[in-house]
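Colleague: Sequence and predicted structure, then a few things I'm wondering about:
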Amino acid sequence: MMDTLDASAAVRAGAARTFPDLRFAGRALSVALLPALAACATTRTAPTSLEPQIVAHEEWEATPPLGHVADATRRNLAPGDTLRFKDLTITLLELALEPAGGEAASERGRAVLLLERPGERSREVVRGGEAFNWGGFHIAVLAARAAPGQLGSGLVEFEVGTLESLPPHIADATIAGDASYRLRVPHDIDRITLHHSGSPEPLRPEDDPVEKLRGLQSWGASARNWWDVPYHFLIDLDGTIYEGRDHRYMGETNTRYNPRGHLLITVIGNYNIQEATPAQLEAIESLMAWAAVEFDVPLDRIYGHGDHADTSCPGTHLGKYLEDGSLVEGVRERLRALGHTVPVTAVGR
């Protein structure tokens, strides 16, 4: 689906932060100055610090992130797929359209589920937008996308949480609710996955990346029922890195893979129809190098979205740098230059 910058130090000090410090120290730069900040990019230089410069979420957001931290998971299933969470197993047996009745078919598909726990078994028919409790779990069917030709067609979107971890108004709900009902799913990062945002049009130099980020956040809440942008970090044409969803929580996808454990990095634009800039490639390497050390991710666990799902993401003009190994080699060289080492291969692989 639709996934550093050397600028004036005096300007960037108020606009960016370094990781792993999760607190944003500077508030001096307004969102209105961010496009001008991005225009200050210079040529690539040798790395001097592992910690990348990040524009904080607070500096670009139109609204703060939503969601409730819970013991939960979220998955998209096709008929025949199975979701396992603790001792609960959900199998999607069937997905069909509801008879026409004035509501959008994408929201009112009908899903037939098989629910199983030790000593319990039940067959349930649930419609998109409904929620129910079973076996100590709250099961929300966010959408049942039975209509052909739509994003995520053929998938049912599930969110499942333990009742004891949920706020009462969610635990008692019989509807999936809007983005304010969504659950933040804690996870431990053990891999890095590259995306592009996959917009219909390429990202152009005259486009405002802040408007793009705000649009993605708004669309995600209204059209996909996401509590924030789906990615943890986003990169514009000039290599500016923007903080997205809090990386302590699982990201989102419109495909069937499970993004739990993945640090999601996206490059704004459509890289099936545009080329990545040198500044973007440098920013990707910088961010991946930091993440590899910060989360102890071996270099053979750097992927593209297409490695996990049936998708062209992150686009042919970006994915080629993963396929030929040059992107991972750039991460390796950056780590060497800064005196850091991480495993090349995961233990046991």
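Modeller: Cool, got the structure.
Colleague: Arg117 contacts Asp87, doesn't it?
Modeller: Yes. When contacts are counted by CB atoms under 8 Å, Arg117 is listed as touching Asp87 (5.3 Å). C-betas here are computed from N, CA, C, even on glycine.
Colleague: relative to its centroid, which residue of the protein is most remote?
Modeller: Going by CA atoms, centre = their mean, the residue of the chain most distant from its centre is Gly119, 35.9 Å out.
Colleague: Let me see the backbone angles for that residue.
Modeller: When read as degrees, to the nearest 10, the backbone of Gly119 gives phi 80, psi 0.
Colleague: Which single helix of this structure contains the most residues?
Modeller: Longest helix in the chain by number of residues, with DSSP state H as the criterion: helix 278-294.
Colleague: Quick one: list the elements packing against that one.
Modeller: Counting contacts by 3 or more CB pairs under 8 Å, 6 or more residues apart in numbering; DSSP states H and E, helix 278-294 packs against strand 191-196, strand 233-235, strand 241-243, strand 262-267, helix 326-337.
Colleague: Pull up the pairing partners for the helix or strand following it, direction included.
Modeller: Toward the C-terminus, helix 278-294 is succeeded by strand 302-304 as the next helix or strand (DSSP states H and E). Next to strand 302-304 in the sheet, as set by DSSP bridges, lie strand 191-196 (parallel).
Colleague: and the residue farthest from the centre of the chain, what does it touch?
Modeller: With contact set as CB atoms under 8 Å, 6 or more residues apart in numbering, Gly119 has no partners.
Colleague: okay, the angle between the longest helix of the chain and strand 262-267?
Modeller: 170 degrees (axes from the mean of the first three to the mean of the last three CA atoms, to 10 degrees).
Colleague: any idea how far helix 278-294 is from the chain center?
Modeller: The chain centre lies 17 Å from the centre of helix 278-294; the measure is CA atoms, centre = their mean, to the nearest Å.
Colleague: tell me the average confidence for it?
Modeller: For helix 278-294, the per-residue pLDDT values average out at 96.
Colleague: Mind listing what's buried along it?
Modeller: Neighbour-count burial for helix 278-294, counted by 16 or more other CB atoms under 10 Å, picks out 279-294.
Colleague: Who are the contact partners of Arg184?
Modeller: Arg184 is in contact with 67-70, 227, 246, 249, counting by CB under 8 Å, 6+ apart.
Colleague: returning to what we had before: what does the longest helix of the chain rub up against?
Modeller: Contact with helix 278-294 is made by 4-5, 19-20, 41, 44, 47, 50-52, 189, 192, 194, 233, 235-241, 263, 265, 267, 297-299, 302, 321, 327, 330-331, 334-335, 338, 340, 342, as judged by CB under 8 Å, 6+ apart.
Colleague: Buried among those residues? Make that a ChimeraX selection.
Modeller: The buried subset of these, as determined by 16+ other CB under 10 Å, is captured in ChimeraX by this line:
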select :4,5,19,41,47,50,51,52,189,192,194,233,235,236,237,238,239,240,241,263,265,267,297,298,299,302,321,327,330,331,334,335,338,342
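Colleague: Let me see the mean pLDDT of stretch 142-156.
Modeller: 93.
Colleague: Could you do stretch 329-339 as well?
Modeller: Stretch 329-339 comes out with an average pLDDT of 93.
Colleague: contacting residues around that stretch?
Modeller: With CB under 8 Å, 6+ apart as the test, stretch 329-339 has contacts from 46-47, 49-50, 281, 285-286, 288-289, 292-293, 299, 302, 341-342, 344.
Colleague: hmm, back to that, Val160 is nearest to which of the helices and strands packed on helix 278-294?
Modeller: Taking CB to CB, strand 262-267 is the member of the helices and strands packed on helix 278-294 nearest to Val160, at 18.7 Å.
Colleague: What values do phi and psi take at Ala221?
Modeller: In terms of degrees, to the nearest 10, the main-chain angles of Ala221 are phi -70, psi -40.
Colleague: Name the nearest residue to it, ignoring sequence neighbours.
Modeller: Spatial nearest neighbour of Ala221, chain neighbours left out: Ala179 (4.0 Å); criterion: CB to CB, 6 or more residues apart in numbering.
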